[in-house]
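> Below is the structure, and that's it, no one-letter string:
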């Protein structure tokens, strides 16, 4: 059996997990998440835990088993604690600020970029060089953070751009170092 898939998901106080036909709904203090479960995966909801099982033992079913256990665990964590992703802006003149609910980014282009977050995600700019993306859906928070990073990904020569907090940018030697080596 899958090592990840066979671990039970404990339901913490204040969270309710219900199964309706082929969908699973998780409600908690921060909100509600739902997902349509793959037909080859069986989910048993008990008052204190959720068990995920599969019908067959081939590779695809083993992968689905671990995947759905992790997805349901992420849903339970999301409605209790939530998820957040922090981004940093590096570069002279690069900055971010909030314009109402939209994020305005100055990233060295001839125009500012206005980005409106989707429902269920909140964006904050505590300083001009940092952005905080938070929400209850782990996948959506990661997707929004990746979208903001894609506006100006960090470049390898000076490290300028939008990067994740703690992300290591592998630096390259510039043109002068290449001619000095000859």
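Arrived safely. Here the structure is a predicted model, which is why all the values come from computation and not from measurement. Numbering: from 1, shown residues only.
> how much space is there between the residue nearest the centre of the chain and residue 134?
The residue lying closest to the centre of the chain (CA atoms, centre = their mean) is residue 142, at 2.4 Å. Separation of residue 142 from residue 134 (CB to CB, to the nearest Å): 11 Å. No exception for glycine: its C-beta is placed from N, CA and C like everyone else's.
> in this structure, which spans are helices?
Along the chain, counting by DSSP state H, helices occupy 59-80, 138-150, 175-180.
> hang on, the earlier thing: verify the stated contact: the residue nearest to the centre of the chain with residue 87.
No: with contact defined as CB atoms under 8 Å, residue 142 does not reach residue 87; the gap is 11.5 Å.
> residue contacts, the closest residue to the residue nearest to the centre of the chain other than its chain neighbours?
Excluding its sequence neighbours, the residue lying closest to residue 142 (CB to CB, 6 or more residues apart in numbering) is residue 85, at 6.4 Å. For residue 85, the contacting residues are 132, 133, 134, 141, 142, 144, 145, 164, by CB atoms under 8 Å, 6 or more residues apart in numbering.
> ok, now residue 12?
76, 80.
> Try it again at 10 Å.
Counting by CB atoms under 10 Å, 6 or more residues apart in numbering, residue 12 makes contact with 28, 29, 48, 76, 77, 79, 80, 81.
> Got phi/psi on it?
Main-chain dihedrals, residue 12, degrees, to the nearest 10: phi -80, psi 170.
> Any regions of the protein where pLDDT drops low?
Applying pLDDT under 70 to the chain picks out residues 1-2, 177-182.
> what's the domain layout of it?
Domain ranges of the chain: 9-80, 83-164, per automatic domain parsing.
> Just the terminal-to-terminal distance for the shortest one.
Meaning domain 9-80. Across domain 9-80, the terminal residues are separated by 14 Å (CA to CA, to the nearest Å).
> any idea how far residue 151 is from residue 145?
11 Å.
> Show me the common contact partners of the two, please.
In contact with both residue 151 and residue 145: residue 162, using CB under 10 Å, 6+ apart.
> Looking at these two, which one has more neighbours?
A side-by-side neighbour count of residue 151 and residue 145, using other CB atoms under 10 Å, places residue 145 first with 23 against 13.
> who's in contact with residue 38?
22, 54, 60, 61, 64, 65, 67, 68, 71.
> do that again at 6 Å, thanks
residue 64 (CB atoms under 6 Å, 6 or more residues apart in numbering).
> Residue 54 bridge partners, please.
Beta-bridge partners for residue 54, by DSSP bridges, are residue 41.
> isn't it right next to residue 65, touching?
Yes: in this structure, residue 54 is within contact of residue 65 by CB atoms under 6 Å, at 4.4 Å.
> ok, these two, which is more surrounded?
Using other CB under 10 Å as the criterion, residue 54 and residue 65 rank with residue 65 on top: 26 against 22.
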